[in-house]
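Q: sequence and predicted model, in that order:
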Amino acid sequence: MDLVLQEFPLLLKGAYYTLLITAVSMTFGLIIGLLVALARITGNKVLSGLARFYVSVIRGTPLLVQIFIIYYGLPDVGITFEPLTAAFISLSINIGAYLSETFRGAIISIPKGQMEAALSIGMSYSQAMRRIILPQAARVAIPPMGNTFIGILKETSLVSVITVTELLRASQLLISKHLVVMPFYIAIAIMYWVMSTGFSILLGKAEVKLSKAY
């Protein structure tokens, strides 16, 4: 474990990139997920069909394959991304599909009478969604979103295959350097656990606050 302490700054740097990738992917994934969920419940058959197709394709293929397509495949058609950018894009697209189902389920769980009541007092559809439906849906969506957040935190390890030096990649570099395996894998396992636990605590507090608000 002396080697772990000696090389801990590199592991911390890897943890930083893990958290950065998670935060950026979750931010854009939330936006994508909400837009796709709204498209799914709209009366427009074209939008709904495209959204359903997107969710089906992303949920039906491995994240690793999606990463390979974006980083190694797109250059064949003249589109090239830096490794970190490819990581952001692939994880955002992936998590957006899963969050869209979470949001859609949360939105349709709100009684239809609330939308009808909002429309009856003169609100537009968009105003009713923004002021009445979505705030309540957010409270319903928080618990499953927490599981998705933790899942994507751990899945960031997959971007090590495109040379992004996140936590797993950092440990692999150190293993190659020192030819010692177990201490570094134990160290990153503990670091992943600490980060996941931290996310769980923060989301638990957010859930409690939203519950009190309603």
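A: Nice, thanks for sending it over. Numbering: from 1, shown residues only.

Q: okay, and for this protein, where does confidence drop off?
A: Scanning the chain with the threshold set as pLDDT under 70 gives 210-214.

Q: ranges for the helices of it?
A: Using DSSP state H, the helices of the chain run over 2-6, 8-41, 45-59, 63-68, 83-108, 112-120, 125-128, 134-155, 167-178, 182-213.

Q: between the ones you listed, which one is closest to residue 74.
A: Residue 74 lies closest, by Cβ to Cβ, to one member of the helices of the chain: helix 83-108, at 8.4 Å. Backbone N, C-alpha and C define where each C-beta goes, glycine included.

Q: by contact count, what packs against the closest one?
A: helix 8-41, helix 45-59, helix 63-68, helix 134-155 (3 or more Cβ pairs under 8 Å, 6 or more residues apart in numbering; DSSP states H and E).

Q: what is the orientation angle of the last one with helix 182-213?
A: Here the directions of helix 134-155 and helix 182-213 differ by 180 degrees (axes from the mean of the first three to the mean of the last three Cα atoms, to 10 degrees).

Q: what does helix 134-155 contact?
A: Contacts of helix 134-155 with the rest of the structure, by Cβ atoms under 8 Å, 6 or more residues apart in numbering, involve 18-19, 22, 25-26, 29, 63, 91, 94-95, 98-99, 102-103, 105-107, 109-110, 114, 192, 195-196, 199-200, 203-204, 206-207, 210-211, 213-214.

Q: would you mind writing the CA trace of it as CSV?
A: Only the C-alpha atoms of helix 134-155 are listed here, as CSV (Å, rounded to 0.1, in the frame of the first residue of the first chain):
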residue,chain,number,x,y,z
LEU,A,134,-43.0,18.8,-13.9
PRO,A,135,-42.3,19.9,-10.3
GLN,A,136,-44.4,17.0,-9.0
ALA,A,137,-42.8,14.6,-11.5
ALA,A,138,-39.4,15.6,-10.3
ARG,A,139,-40.2,14.3,-6.8
VAL,A,140,-41.3,11.0,-8.2
ALA,A,141,-38.3,10.7,-10.5
ILE,A,142,-35.6,11.4,-7.8
PRO,A,143,-35.2,7.8,-6.4
PRO,A,144,-34.8,6.0,-9.8
MET,A,145,-32.6,8.9,-11.0
GLY,A,146,-30.3,8.2,-8.0
ASN,A,147,-29.7,4.7,-9.2
THR,A,148,-29.0,6.0,-12.7
PHE,A,149,-26.5,8.5,-11.3
ILE,A,150,-24.6,5.9,-9.4
GLY,A,151,-24.7,3.5,-12.4
ILE,A,152,-23.2,6.1,-14.7
LEU,A,153,-20.5,6.9,-12.2
LYS,A,154,-19.3,3.3,-12.3
GLU,A,155,-19.8,3.0,-16.1
